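Chemist: curious how this folds, go ahead:
(2 chains)
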2 protein chains.
Amino acid sequence: MENRTEIAELGEFGLIEHLTKNFEIQNASTVLSVGDDAAIIDHFGKQTVLSTDLLIEGIHFDLMYTPLKHLGYKSVMVNLSDIYAMNAYPTQITMSIGISNRFSLEALNEFYDGVYLACEKHGVDLVGGDTSSSNKGFIISVTAIGEVAPNQFVKRSTAQKGDLICVSGDLGGAFLALTLMEREKKIYLENPQIQPDLENESYIVSRLLKPEARKEIIDFFEKENIVPTSMMDVSDGISSEVLHLCKQSNLGCVLYEEKIPIAEESRKAAYKFGLDPTVCALNGGEDYELIFTLKQEDHDKIVLNEDISVIGYMTDISEGCHLLTKGGNRFPVTAQGWNAFQQ
Amino acid sequence: MENRTEIAELGEFGLIEHLTKNFEIQNASTVLSVGDDAAIIDHFGKQTVLSTDLLIEGIHFDLMYTPLKHLGYKSVMVNLSDIYAMNAYPTQITMSIGISNRFSLEALNEFYDGVYLACEKHGVDLVGGDTSSSNKGFIISVTAIGEVAPNQFVKRSTAQKGDLICVSGDLGGAFLALTLMEREKKIYLENPQIQPDLENESYIVSRLLKPEARKEIIDFFEKENIVPTSMMDVSDGISSEVLHLCKQSNLGCVLYEEKIPIAEESRKAAYKFGLDPTVCALNGGEDYELIFTLKQEDHDKIVLNEDISVIGYMTDISEGCHLLTKGGNRFPVTAQGWNAFQQ
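Modeler: Just a heads-up that it's a prediction; the model follows:
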């Protein structure tokens, strides 16, 4: 970066004005946006969907290998993902940030470029937020608002025995990229002359740094007149998520190892690191795919969609939660997903 | 505290379950609350109001003199205040927290006791949030949702020339309590044997540690059929806030020093610290009163309300923003309010 403008020169209100001046409102429901005590949203005839996330430097992201534009993009995406996971469409977000004075205005502009790109891509309006100095590194808090036709939202607790368990996209890539990044960071810290070796890893790296909330899956449901019986997004890993669906729906499940979708690039990366691709796909977080259950009679509607894999089915709670391996073994599914309190 | 339970024992989901299990839903509009990817809110026929705040330890609060229950209470109140400042009623909040492992479960329970009390008092439902570990002290992010009859919300930008400038309650108390607390903290750090001297200061201390969002003012407007022409809440100090109203409404103003409401307790505290009470009232933040403008013909409706003071009027922008002192002098109003970037 060639220029460095100190944030303090603008002050809080100048900063908010600067950061939000290029946002054009895209939703008719956005009645009043940034610049007042609160935003006003008009969701007449629809239900409002609300989700929030807190991202803390050193816990949720590492600025050493996360470009600010990607971080802005991802901060929005992980929230939009929660809205889609309700079978709803996001319409507005608020973005609050705490920043230390090592951040220049140019750095913040990069972050907001990513925020803007994510909003634009999903037709979402940035309608408010809070900016503050931070003596504690970079802190990001995003709240996403969405809308859904009355009572068309999909919860986690409403799966039925016999329902198919499905997942969108492929799994494990983000976790493998994180493993790669941590390895490269370690090498770099030991010897700053060595440049990171990310060649041929662009697929998994994009899974980590530029996740995409799965709007097209919700579009597909609408087009095909499908309402999943339960759904959530994959942030902690599917073994953890499927246990949530089972627990909240009071059911058990069977998963088939061979059905778990893993990209060829992820499989190669796993072997390179000496890891089991299935374990990475089950326990790796941050893929931001959707996991959902469907009535068996809906199977024909999804069979031609290559972006959806059926990975198992829901059982009676008495049968527990199991994975059937390619070798014919049966293991209990355990939640080994990412836990912010075990870091 | 006698017991200490480590947060890690519960894990993130256990923690959320624990912290939210006593919240009973109070609003029919709360269709789905904590425990899924997002909350569902039904505001049919009303507009949704949305505001958010980020509070960071060491910037916005000092745990040395802020009891956790008060902090929980205040974190909610400052957000509800933003909703009332739109002439709207809060209905739901989300609460996200980042906590270091020096926090025990018992400490968090205290914090949530305050959150719960504030929600109960204002009939608000806690519908979601995010909990995370933090390597950066205590971080709190609250988003408040409210509702308002279509187009009855009040912005900052719609004051008219000649409108009366009014403020609720009294001003400067929170700033004086902050001054007191910082002084006592300094004394304590120099000599831990000396106990804080807060005698006779309970009024100003409550203004700082237990602010009340001004629901009754909004109730009064509704009862008296008053719609302010502009409004905001007093978080940074009225000199800063009145400049916002003027700038956004493209107007100037005159304020009368003698009309600025200052409690006797605040006046005494100011003299004790060698401060000018008017300066404290103008520039001290965190009073969470409402500042608003009214058409002159509404004057009779408020004249009997002792909780509302008329402190000046809006003028043409060419006349600037001035304070007329008791001594007959005329000073420009300048924003010396609290700025998170100047700390």
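
Chemist: make it CA atoms for all contacts and neighbour counts henceforth
Modeler: Will do.

Chemist: in the stretch 51-200 of chain A, which spans are helices?
Modeler: In the stretch 51-200 of chain A, the segments counted as helices under DSSP state H, counting those that start in this stretch are A:68-84, A:105-121, A:173-190.

Chemist: hmm, residue A:145 is touching residue A:91, no?
Modeler: Yes: counting by C-alpha atoms under 8 Å, residue A:145 does reach residue A:91; the two are 5.9 Å apart.

Chemist: quick check: residues of the stretch 151-300 of chain A near chain B?
Modeler: When proximity is defined by C-alpha under 8 Å from any C-alpha of the partner chain, the stretch 151-300 of chain A lies next to chain B at A:155, A:156, A:232, A:233.

Chemist: out of the residues you listed, the closest to residue A:249 would be?
Modeler: Residue A:249 lies nearest to residue A:156 out of these, by C-alpha to C-alpha, at 6.9 Å.

Chemist: count the neighbours of that closest one for me.
Modeler: 25 (other C-alpha atoms under 10 Å in any protein chain shown).

Chemist: swap in the one 3 residues further on?
Modeler: A count of nearby residues for residue A:159, using other C-alpha under 10 Å, gives 26.

Chemist: now residue A:121
Modeler: 9.

Chemist: name the nearest residue to residue A:252, ignoring sequence neighbours.
Modeler: residue A:317 (4.2 Å; C-alpha to C-alpha, 6 or more residues apart in numbering or on different chains).

Chemist: separation between the one you found and residue A:238?
Modeler: Going from residue A:317 to residue A:238 by C-alpha to C-alpha, to the nearest Å gives 18 Å.

Chemist: which of the two has more residues huddled nearby?
Modeler: residue A:238 (30 against 15).

Chemist: just checking, residue A:265 touches residue A:201?
Modeler: Yes: here residue A:265 lies in contact with residue A:201, judged by C-alpha under 8 Å, at a distance of 7.4 Å.

Chemist: measure residue A:167 to chain B for me?
Modeler: As judged by C-alpha to the nearest C-alpha, to the nearest Å, residue A:167 and chain B stand 16 Å apart.

Chemist: no, scratch that, I was asking about residue A:94
Modeler: According to C-alpha to the nearest C-alpha, residue A:94 and chain B sit 7 Å apart.

Chemist: once you drop chain neighbours, what's closest to residue A:43?
Modeler: Once flanking residues are discounted, residue A:43 sits nearest to residue A:29: 6.1 Å by C-alpha to C-alpha, 6+ apart.

Chemist: nope, residue A:271 is what I meant
Modeler: residue A:277 (7.3 Å).

Chemist: let me see the contact set for residue A:84.
Modeler: Listed by C-alpha atoms under 8 Å, 6 or more residues apart in numbering or on different chains, the contact set of residue A:84 reads A:90, A:213, A:214, A:215, A:218.

Chemist: as a markdown table, the helices of the stretch 51-200 of chain A with mean pLDDT would be great.
Modeler: Output for the helices of the stretch 51-200 of chain A, formatted as a markdown table (pLDDT from 0 to 100):
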| stretch | mean pLDDT |
| --- | --- |
| helix A:68-84 | 96 |
| helix A:105-121 | 92 |
| helix A:173-190 | 92 |
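
Chemist: what ranges do the strands span in chain A?
Modeler: Along chain A, counting by DSSP state E, strands occupy A:30-32, A:39-42, A:47-56, A:89-99, A:125-128, A:131-133, A:139-148, A:164-168, A:230-233, A:251-256, A:290-294, A:308-316, A:321-324, A:330-332.

Chemist: picking up where we left off before, among the residues of the stretch 151-300 of chain A next to chain B, who's most crowded?
Modeler: residue A:232 (30 neighbours).

Chemist: how near is that residue to residue B:91?
Modeler: 25 Å.

Chemist: before we move on, what about residue A:46?
Modeler: As judged by C-alpha to C-alpha, residue A:46 and residue B:91 stand 17 Å apart.

Chemist: ok, these two, which is more surrounded?
Modeler: Of the pair residue A:46 and residue B:91, residue B:91 is the one with more neighbours under other C-alpha under 10 Å, namely 27 against 19.

Chemist: on that earlier part again, what's the most distant pair in the residues of the stretch 151-300 of chain A next to chain B?
Modeler: Across these (C-alpha to C-alpha), the longest gap, 11.2 Å, separates A:155 and A:233.

Chemist: hang on, the residue nearest to residue A:252 packs against residue A:254?
Modeler: No: here residue A:317 lies out of contact with residue A:254, judged by C-alpha under 8 Å, at a distance of 11.0 Å.

Chemist: could you measure residue A:176 against residue B:326, distance?
Modeler: Residue A:176 sits at a distance of 70 Å from residue B:326 (criterion: C-alpha to C-alpha).

Chemist: no no, residue A:214
Modeler: Computed as C-alpha to C-alpha, the residue A:214 to residue B:326 distance reads 63 Å.

Chemist: which of these two has more neighbours?
Modeler: Taking other C-alpha under 10 Å, residue A:214 and residue B:326 do not tie; residue A:214 has more neighbours (20 against 11).

Chemist: isn't the more buried one up against residue A:307?
Modeler: No: when contacts are counted by C-alpha under 8 Å, residue A:214 is not listed as touching residue A:307 (10.4 Å).

Chemist: could you report the neighbour count for residue A:213?
Modeler: Around residue A:213 there are 25 other residues, counting by other C-alpha under 10 Å.

Chemist: pretty sure it is in contact with residue A:75, am I right?
Modeler: No: between residue A:213 and residue A:75 there is no contact under C-alpha under 8 Å: 11.0 Å.

Chemist: so what touches stretch A:314-326?
Modeler: Taking C-alpha under 8 Å, 6+ apart as the rule, stretch A:314-326 contacts A:159-165, A:243, A:246, A:250-258, A:330-333.

Chemist: again, only using 6 Å
Modeler: For stretch A:314-326, contacts defined as C-alpha atoms under 6 Å, 6 or more residues apart in numbering or on different chains pick out A:161-163, A:251-258, A:330-333.

Chemist: tell me the buried residues within those.
Modeler: A:161, A:162, A:163, A:251, A:252, A:253, A:254, A:255, A:256, A:257, A:330, A:333 (16 or more other C-alpha atoms under 10 Å in any protein chain shown).

Chemist: ok, the last one to residue A:246 distance?
Modeler: To residue A:246, residue A:333 is 11 Å away according to C-alpha to C-alpha.

Chemist: before we move on, what about the second one?
Modeler: Separation of residue A:162 from residue A:246 (C-alpha to C-alpha): 12 Å.

Chemist: residues from the stretch 1-150 of chain A in reach of chain B?
Modeler: Residues of the stretch 1-150 of chain A lying close to chain B by C-alpha under 6 Å from any C-alpha of the partner chain are A:8, A:37-42, A:44-45, A:47-53, A:82, A:129-130, A:132-133, A:136.

Chemist: mind checking which of those residues are buried?
Modeler: Among the residues of the stretch 1-150 of chain A next to chain B, those classed as buried by 16+ other C-alpha under 10 Å are A:8, A:37-42, A:44, A:47-53, A:82, A:129-130, A:132-133, A:136.

Chemist: wait, residue A:171 sits on residue A:262?
Modeler: Yes: contact between residue A:171 and residue A:262 holds when scored by C-alpha atoms under 6 Å: they sit 5.4 Å apart.

Chemist: the more surrounded of the two?
Modeler: Taking neighbours as other C-alpha under 10 Å, residue A:171 and residue A:262 compare with residue A:171 leading, 31 against 18.
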